[in-house]
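Undergrad: here is a sequence with its predicted model. Questions after.
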Amino acid sequence: MCVAATPPPPARLTRRGILAGAAALAGTVAAAGTAGATAHEGAADGGDRTARVRGGHLVIRNGTLLDPATGEVTEDAVVVIRDGTVRAAGRQGSVTVPQDAGVLDAHGRWILPGLVDAHTHLSTAAEARDAVLKGTTSARSGSTSFYQDIAVRELARHSPALAPRLTAAGVFVTPDLGETVLADPDLTPLARLGEGVRSAEALRRVVEVNLARGADVIKTRVNERAGLPDQDPLAQVYSHEQLAEIVAAARRRGKGVLCHSYSEQGCHDAVTAGIRSLEHGAFVGERTLHVMRRRGTYFTPTLTAIAGLAESANPVLAERGRAYLPVLQRAVLAAHELGVPLAAGTDSSGGTVRPVGREVELMRAAGLPALDAIRTATTGAARLLGAARTVGRLARGFAGDAILVDGDPLADVSVLQRPVTVVRAGIAV
């Protein structure tokens, strides 16, 4: 059985209702009015780039500024943020400081751009706020069950102190949608498919509904899950042809695809099908890494999530985590040495928001130099999100997102896990 080849619903007619429902699920109605700010800043995610978000005025001074793009370290630095955007950054005395802005004294601390979590699942306003407090000022969703990430993206635009700027993925393109068939009336016909979402028509349908609802990227899988003890993460659920169908449907609307993966064959099928980024990828092999380098495919290994499995109370998951983590660390180092672009992602979900600084620490432990590890959560991840000109640096024209940390991150990247202060769009959170 397949889905009737009918056109996707027009976003203009139904998107408002879907966003309203997602906002209720995300708990954003009560939160939306609690972050005070004035002025505006351009959106820096993959969605509607004409949208505007509220930003503030702030001067950060007396700290040590690190530019991840160049590795340059500036002592006694000043960063001027106006209307949520960096207007100037440099050494004290070389930057004109406006008299009407608030001042944040960073004396004795390092100043870095806000961090980017390229794989997370933010489903509530509380999770979004927690992510910001832990230093994540930009993020890419790894999907949600009922379009909550689209509501979180809108919350971030209106009240930036409450949520990271978010690239939303909508719902997962997966064989078994489960309760997600109730996320949108136009998904419900898929519930009658005995074989699940596998036919070309069904795959296209989920992609098209996602895009009609405003998703910025598409999330799919090639393997089963590692976090469920009754699933085999090396079992393949979609073929190269099915993945190519998903990629083609997304590309017709100018969108990329991120793909959950573990086995080498699954990774290879996903990469050659044209995905934008490979997620998890514990057993990705050298042949696939070479293809990734040629194509510019990103690798988001989510080391934090795999390390978390090793701490599970479930013996199957704990053993899986212990076995997978060193394999994945070797894959990360091999990818880095080959020139495959890397992005930091925590795969946070289920109410637990992990600091993306932990992912940077695990990148460093895998063998990356400290600066390159930091880049995976700044300039590198920003490029993956399509925000290389607005996110990942504190330079003129970039988003006024920053973290202040106690200690030199080039000597000890673990300080990124514990930001002393987070600034989001010129607002000290």
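TA: Thanks, I have it.
Undergrad: least trustworthy helix or strand in the chain by mean pLDDT?
TA: strand 38-42 (a mean of 32; mean pLDDT, DSSP states H and E).
Undergrad: ok, which stretches of the stretch 101-250 of the chain are strands?
TA: With DSSP state E, counting those that start in this stretch as the criterion, the stretch 101-250 of the chain has strands at 102-105, 110-113, 115-120, 136-141, 165-167, 218-221.
Undergrad: now the helix ranked longest in the chain: buried residues?
TA: Secondary structure assigned by DSSP state H gives helix 315-338 as the longest helix of the chain. By neighbour count, and taking 16 or more other CB atoms under 10 Å as the criterion, the buried residues in helix 315-338 are Leu317, Arg320, Gly321, Tyr324, Leu325, Leu328, Gln329, Ala331, Val332, Ala334, Ala335, His336. To be clear about C-beta, it is placed using only N, CA and C from the backbone, and glycine gets the same treatment.
Undergrad: make TSV out of those and add distance to Ala131 and pLDDT.
TA: Shown next, in TSV, are these (distance: CB to CB, whole Å; pLDDT from 0 to 100):
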residue	distance to Ala131	pLDDT
Leu317	24	97
Arg320	26	97
Gly321	23	97
Tyr324	25	98
Leu325	23	98
Leu328	23	98
Gln329	25	98
Ala331	26	98
Val332	23	98
Ala334	30	98
Ala335	25	98
His336	26	98
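Undergrad: I'd like to know how many residues surround Pro369.
TA: Residue neighbour count, defined by other CB atoms under 10 Å, stands at 13 for Pro369.
Undergrad: give me the pLDDT value at it.
TA: Predicted confidence (pLDDT) at Pro369: the value is 98.
Undergrad: Provide a list of residues in contact with it.
TA: Listed by CB atoms under 8 Å, 6 or more residues apart in numbering, Pro369 has no contact partners.
Undergrad: residues contacting Glu286?
TA: Ala334.
Undergrad: surely Pro301 is in contact with Leu333?
TA: No. Under the criterion of CB atoms under 8 Å, Pro301 is not in contact with Leu333, lying 10.5 Å apart.
Undergrad: helices of the stretch 151-300 of the chain, start to end?
TA: 200-212, 240-251, 264-273, 286-295 (DSSP state H, counting those that start in this stretch).
Undergrad: got these as TSV, with mean pLDDT and distance to Thr379 columns?
TA: Shown next, in TSV, are those (pLDDT from 0 to 100; distance: least, CB to CB, whole Å):
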stretch	mean pLDDT	distance to Thr379
helix 200-212	98	28
helix 240-251	98	25
helix 264-273	98	23
helix 286-295	98	18
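Undergrad: and of these, who's closest to Ala106?
TA: With CB to CB as the measure, helix 286-295 is the member of these nearest Ala106 (38.0 Å).
Undergrad: that closest one vs helix 264-273, what angle?
TA: Angle between the axes of helix 286-295 and helix 264-273 is 20 degrees (criterion: axes from the mean of the first three to the mean of the last three CA atoms, to 10 degrees).
Undergrad: dump helix 286-295 to PDB, restricted to CA.
TA: Output of helix 286-295 as PDB, limited to C-alpha atoms (Å, rounded to 0.1, in the frame of the first residue of the first chain):
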ATOM      1  CA  GLU A 286      37.800   5.300   5.800                       C
ATOM      2  CA  ARG A 287      36.200   4.800   2.400                       C
ATOM      3  CA  THR A 288      33.100   6.800   3.500                       C
ATOM      4  CA  LEU A 289      35.300   9.400   5.200                       C
ATOM      5  CA  HIS A 290      37.100  10.000   1.900                       C
ATOM      6  CA  VAL A 291      33.700  10.500   0.200                       C
ATOM      7  CA  MET A 292      32.600  12.900   2.900                       C
ATOM      8  CA  ARG A 293      35.700  15.000   2.500                       C
ATOM      9  CA  ARG A 294      35.200  15.200  -1.300                       C
ATOM     10  CA  ARG A 295      31.500  16.100  -0.900                       C
END
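Undergrad: off-centre distance for it?
TA: 22 Å (CA atoms, centre = their mean, to the nearest Å).
Undergrad: Arg396: how many residues sit nearby?
TA: 12.
Undergrad: model confidence for it, exactly?
TA: pLDDT at Arg396 comes out at 97.
Undergrad: tell me who's in contact with the closest residue to Arg153 other than its chain neighbours.
TA: Distances taken as CB to CB, 6 or more residues apart in numbering put Leu166 closest to Arg153, at 4.2 Å, once the chain neighbours are dropped. Leu166 makes contact with Asp45, Leu122, Ala128, Ser138, Ala139, Arg140, Ser141, Asp149, Val152, Arg153, Ala156, according to CB under 8 Å, 6+ apart.
Undergrad: same thing but 10 Å
TA: 45-47, 117, 120, 122, 128, 131, 136, 138-141, 149-157, 216, 385 (CB atoms under 10 Å, 6 or more residues apart in numbering).
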